[in-house]
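Visitor: build me a model from this:
(chains A and B)
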Amino acid sequence: MSSPVWMVTKREFRTRMMTKSNIISLSIMLAVIVIGAVVGSFFLDRDTEGPSSSIAVEQGVTALQPHLEQAATEQGLALELSTLTTDEAEQALIAEEDPLDAHLSGDPSAPRMLVAETADPAVVEIVTSAVNEYVLAEQIGALGGDPADVGTALATAAPQVESLVAPEESEFDGPAFVVSVVMISLLLFALIGGGSMISMGVVEEKTSRVVELLLSTIKPTQLLAGKILGIGAYALFQIVVLGGALTLAVTALGLTEDIEVNVGAALGLLVVWFLLGYTIYALLFGGFAALVSRQEEIGSVTTPLMFLLFIPYYVTMFVVVNDPDSTLARVLTFIPFFAPFVVPVRDALGGLPMWELGVSIGLCLVTIPVLIWLSARVYQRGVLHTGGRMKLTEALKG
Amino acid sequence: MNALEIDHLNKAYGSLRALTDLTFDVRAGEIFGFVGSNGAGKTTAMRIMLGVLAADSGQVRWKGSELDLEARRRVGYMPEERGLYPKMKVGEQLEFLAGLHGMSPTEATRAVEHWTDRLGVGERRGDDVEKLSLGNQQRVQLAAALVHDPDVLVLDEPFSGLDPVAVDVMSGVLRERAQAGVPVIFSSHQLDLVERLCDRVGIVRAGRMEALGTIDELRATDHPTWLLDVDAATDAVLPRLTALPGLTATPVPERPGQLHVAATTHDAETPRAILRAALELGAVREFSPVRQSLADLFRGVVSAGEDPAVDPSASDAKESAR
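Guide: As a prediction, the model looks like this:
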């Protein structure tokens, strides 16, 4: 394929990929993610080992063993139990490797607890609770009751809470919130990045006057289309590489186990919405940038567009994330400038019916040709206009 | 007809009329010089030829049919405002442009090598354009116009900013392209160069073609003029000459003893009569027909605009050219 649009696309993609600054910044970002994953896994692995203790008992106190095990499980402590005589225990308590934490002897209802120097408070707590349980069971048995029955009765002795007004359905879901914010932030980053690359590219061609040479062989619409496609491919490449690396890192660290959001599917939907959002905003950036002639003037046309990006971003973050099924969220789903931010979040939080997703995508697809027409019209008139800023109304009237 | 025809182009920027009924043609194998003072409409006309600008009315044709986008891909264009991607390598940039003109990558690479070598910038193919001197950027710009072996060449001020060696290379290339049957049109303010290089010349003033033809055609006038330098008092010479039928004589300013003698008719007998009369008065140091240079013609056309009564010969030239 060697259509002019394709050639412009290829040039845009290549010149952006091949610059030193791009290669360097992309490598740095990837390195940061990899280093983050390695360092993170080092610390996380140490945590997962968890604390463990070892307690030995004398023959006469073995009745405490089941209570000790139960207490340790309740405390979330790994417990190593053994049976040792006092003499053996004295050796084990001061051993160099894996010393014993405590040795119990004497009366099970008030055992002597032998430790090396000071008692580990966690071990004291386990032993105390085990002894309490033992004494309680002994007393219940002496009174003619069944300790197991009492245990079961105690376990179910809790109030049944019933409220008159039903609680709100949406509960604050921490991990889903984080995933949503990361997703729309990544999207915002990519859309702003793509948008400014397009506006700078358009103005660069105007300032360097190469546009006149280009337009003697290709149509302005072909040039704009090629530019949008090339830069879009580059921005997509970035989002996929960085987003993919992040997902891999997070999965490798096992952080996704706590998250009930399907990260892979969310990323897939994010790419779809990146493409729709990018097309919508890129057309605006491209058309508007053609109105100015110098790099210094870019701000005057891109600032309103930045607002157009930040408003849906913040509205999504503060309104939609907290209540994905509110009327406002549902209305914004059908506004093409908001949809790229609102829809992926609503979907990630599980509150989006299929038909709403379909209609939302459909509305965006219908908006795009209108924007193409508008942007091409402004671009065509603006791109050869030199010297100062051209008014938008002027460009639209032609 | 294998010609680039510019047919009644009109263009206005608001209330300013940039082009008025601009009509001329550039034949295949011909070098056409497009001259006019600043703001006369040369660049506007060239931009319209390349479709960069839309005319209000009129048409540009190549080989009899409209010069549309497809045909324009076969045109080599050098815009007045030089333009290349500053941060792109010379070679890649030219290959990209050749590709836009419809060349395959292998053809493009070969053509880029050929033209950069030919224009003396072959060693700079791997450098970013912005690192080149302005003169070398100019050569790259010309390479961009030539790289796709165009059927038509439209060059806006191709010689500005070039050193004499580059001017020779450029002139050679334009001649060679013309000999290959390509119509070449270029604008320039270096009139001696235009005079030397061009087969035909068009002089525009305020968006109108005021004079059009070969230089000799433009020189052709109803008032043949001679320069006479005679060793005698001017006061004595003047009445003697004006006494002859149909002659006017005026002293050349700041050249004592020299006179311009103009006749109202073309008559082979007139120069002999002038010379005989002069010889009777004293020794004749110089007697020759005055050949106007392109610069003289140009001044005549331009000054005609300032006051239409001053030099009617310009509009005569226009009539004869039509």
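
Visitor: how about the secondary structure of the residue in chain B positioned nearest to chain A?
Guide: Residue nearest to chain A within chain B: residue B:83 (3.1 Å; C-beta to the nearest C-beta). All C-beta spots, glycine's among them, are computed from the backbone N, C-alpha and C. With DSSP: H, G, I helix; E, B strand; the rest coil as the basis, residue B:83 sits in coil.

Visitor: contact partners for it?
Guide: A:208-213, B:141 (C-beta atoms under 8 Å, 6 or more residues apart in numbering or on different chains).

Visitor: over to residue A:292?
Guide: Contacts for residue A:292 (C-beta under 8 Å, 6+ apart) come out as A:203, A:206, A:298, A:300-301, A:389-390.

Visitor: now swap in residue A:367 and tell me
Guide: A:280, A:336.

Visitor: before we move on, back to that, adding secondary structure, pLDDT and neighbour count, write the contacts of residue B:83 out as TSV.
Guide: Below are the contacts of residue B:83 laid out as TSV (DSSP: H, G, I helix; E, B strand; the rest coil; pLDDT from 0 to 100; neighbours: other C-beta atoms under 10 Å in any protein chain shown):
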residue	secondary structure	pLDDT	neighbour count
A:208	coil	83	20
A:209	coil	82	17
A:210	helix	87	24
A:211	helix	86	24
A:212	helix	86	24
A:213	helix	87	25
B:141	helix	91	22
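
Visitor: which two among the residues you listed are spaced furthest apart?
Guide: A:211 and B:141 (14.1 Å; C-beta to C-beta).

Visitor: find the nearest non-adjacent residue to the residue of chain B closest to chain A, please.
Guide: Leaving aside its sequence neighbours, residue B:83 sits nearest to residue A:209 (C-beta to C-beta, 6 or more residues apart in numbering or on different chains; 3.1 Å).

Visitor: doesn't residue B:79 make contact with that neighbour?
Guide: Yes. With contacts counted by C-beta atoms under 8 Å, residue A:209 reaches residue B:79, the gap being 6.7 Å.

Visitor: starting at the chain centroid, how far to the biggest helix by length in chain B?
Guide: When every helix of chain B is counted residue by residue (DSSP state H), the longest turns out to be helix B:164-179. Put simply, helix B:164-179 sits 15 Å off its chain's centre (C-alpha atoms, centre = their mean, to the nearest Å).

Visitor: pull out the buried positions in it.
Guide: Under the neighbour-count criterion of 16 or more other C-beta atoms under 10 Å in any protein chain shown, helix B:164-179 has B:166, B:169-171, B:173-174, B:177-178 buried.

Visitor: elements contacting it?
Guide: strand B:31-36, helix B:134-146, strand B:152-156, strand B:184-187, helix B:191-197 (3 or more C-beta pairs under 8 Å, 6 or more residues apart in numbering or on different chains; DSSP states H and E).

Visitor: sheet partners, orientation included, of the very next helix or strand once past the last one?
Guide: Stepping forward along the backbone from helix B:191-197, the first helix or strand reached (DSSP states H and E) is strand B:200-205. When pairs are called by DSSP bridges, strand B:200-205 turns out to pair with strand B:31-36 (parallel), strand B:208-213 (antiparallel).

Visitor: and residue A:113, what element?
Guide: Short version, using DSSP H and E: residue A:113 is in strand A:112-114.

Visitor: and what of residue B:8?
Guide: Residue B:8 belongs to strand B:3-13, assigned by DSSP H and E.

Visitor: next, count neighbours for residue A:318.
Guide: With neighbours defined by other C-beta atoms under 10 Å in any protein chain shown, the count for residue A:318 comes to 9.

Visitor: quick one: it and chain B, what's the gap?
Guide: 41 Å (C-beta to the nearest C-beta, to the nearest Å).

Visitor: now the longest helix of chain B - C-alpha only, PDB.
Guide: C-alpha atoms of helix B:164-179 as PDB (Å, rounded to 0.1, in the frame of the first residue of the first chain):
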ATOM      1  CA  PRO B 164      27.700  31.700  -8.400                       C
ATOM      2  CA  VAL B 165      28.800  28.000  -8.700                       C
ATOM      3  CA  ALA B 166      25.300  26.900  -7.500                       C
ATOM      4  CA  VAL B 167      23.700  29.300 -10.000                       C
ATOM      5  CA  ASP B 168      25.700  27.600 -12.800                       C
ATOM      6  CA  VAL B 169      24.600  24.200 -11.600                       C
ATOM      7  CA  MET B 170      21.000  25.300 -11.300                       C
ATOM      8  CA  SER B 171      21.100  26.900 -14.800                       C
ATOM      9  CA  GLY B 172      22.600  23.800 -16.300                       C
ATOM     10  CA  VAL B 173      19.900  21.600 -14.700                       C
ATOM     11  CA  LEU B 174      17.100  23.900 -15.900                       C
ATOM     12  CA  ARG B 175      18.500  23.800 -19.500                       C
ATOM     13  CA  GLU B 176      18.800  20.100 -19.400                       C
ATOM     14  CA  ARG B 177      15.300  19.600 -18.200                       C
ATOM     15  CA  ALA B 178      14.000  21.900 -20.900                       C
ATOM     16  CA  GLN B 179      15.900  20.000 -23.500                       C
END
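
Visitor: what ranges do the helices span in the stretch 151-300 of chain A?
Guide: A:174-207, A:210-215, A:220-252, A:263-289, A:298-315 (DSSP state H, counting those that start in this stretch).

Visitor: can you check which of these gets nearest to chain B?
Guide: Distance to chain B, taken as C-beta to the nearest C-beta, is lowest for helix A:210-215 among those, at 3.9 Å.

Visitor: that closest one - contacts with which helices or strands?
Guide: Secondary-structure packing of helix A:210-215 (3+ C-beta pairs under 8 Å, 6+ apart): helix A:220-252.
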